[in-house]
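Participant: compute the structure for the input listed below.
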Amino acid sequence: MLFYRYILGEMMPNPFESDDIEYLALVNDELQYSLWPAFKDVPAGWKPVWGPGKRTDCLAWIESTWTDMRPRSLAERMNSSPSD
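Facilitator: Modelled structure (predicted):
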């Protein structure tokens, strides 16, 4: 379902739901990934790691790459051995 929002009285499509624009895959320091419209500035704390490309291709790349949903800091704590 494509969502719309109103800007200055006009209905505008949600840029995260459009198949008509290109996207980037972003990653942050916690190894969390995000789909991002290529025409928008990349937010602070994130960097592009794939794209630009079609929305479906970008989502497929993220799905195949982001195999551990835990933030990196949590994964590191959980994987470290307890101190003696």
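
Participant: where are the low-confidence patches of the protein?
Facilitator: Along the chain, the model assigns pLDDT under 70 to residues 1-12, 81, 83-84.

Participant: where do the helices sit along it?
Facilitator: Using DSSP state H, the helices of the chain run over 55-65, 72-79.

Participant: for those, give me TSV that also has distance to Ser34.
Facilitator: Quick note: C-beta positions are derived from backbone N, CA and C, even for glycine. Below are these laid out as TSV (distance: least, CB to CB, whole Å):
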stretch	distance to Ser34
helix 55-65	8
helix 72-79	15
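
Participant: just put those in JSON lines and tack on mean neighbour count and distance to Pro37.
Facilitator: Formatted as JSON lines, the helices of the chain follow (neighbours: other CB atoms under 10 Å; distance: least, CB to CB, whole Å):
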{"stretch": "helix 55-65", "mean neighbour count": "15", "distance to Pro37": "9"}
{"stretch": "helix 72-79", "mean neighbour count": "11", "distance to Pro37": "25"}
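
Participant: Asn28 is nearest to which of these?
Facilitator: Nearest to Asn28, of all the helices of the chain, is helix 72-79, at 9.1 Å by CB to CB.

Participant: can you list contacts of that closest one?
Facilitator: 29-31, 68, 70 (CB atoms under 8 Å, 6 or more residues apart in numbering).

Participant: what do you get for stretch 29-43?
Facilitator: Here stretch 29-43 makes contact (CB under 8 Å, 6+ apart) with 15-16, 18, 21-28, 45-46, 48-49, 51-52, 55, 58-59, 62, 65-66, 68, 71-73.

Participant: can you rerun that using 6 Å?
Facilitator: 15, 21-27, 52, 58, 62, 66, 71-72 (CB atoms under 6 Å, 6 or more residues apart in numbering).

Participant: which two from these end up farthest apart in space?
Facilitator: Ile21 and Arg72 (29.5 Å).

Participant: now Trp46: how far from Pro13?
Facilitator: Separation of Trp46 from Pro13 (CB to CB, to the nearest Å): 23 Å.

Participant: okay, those two: which has more neighbours?
Facilitator: Of the pair Trp46 and Pro13, Trp46 is the one with more neighbours under other CB atoms under 10 Å, namely 16 against 13.
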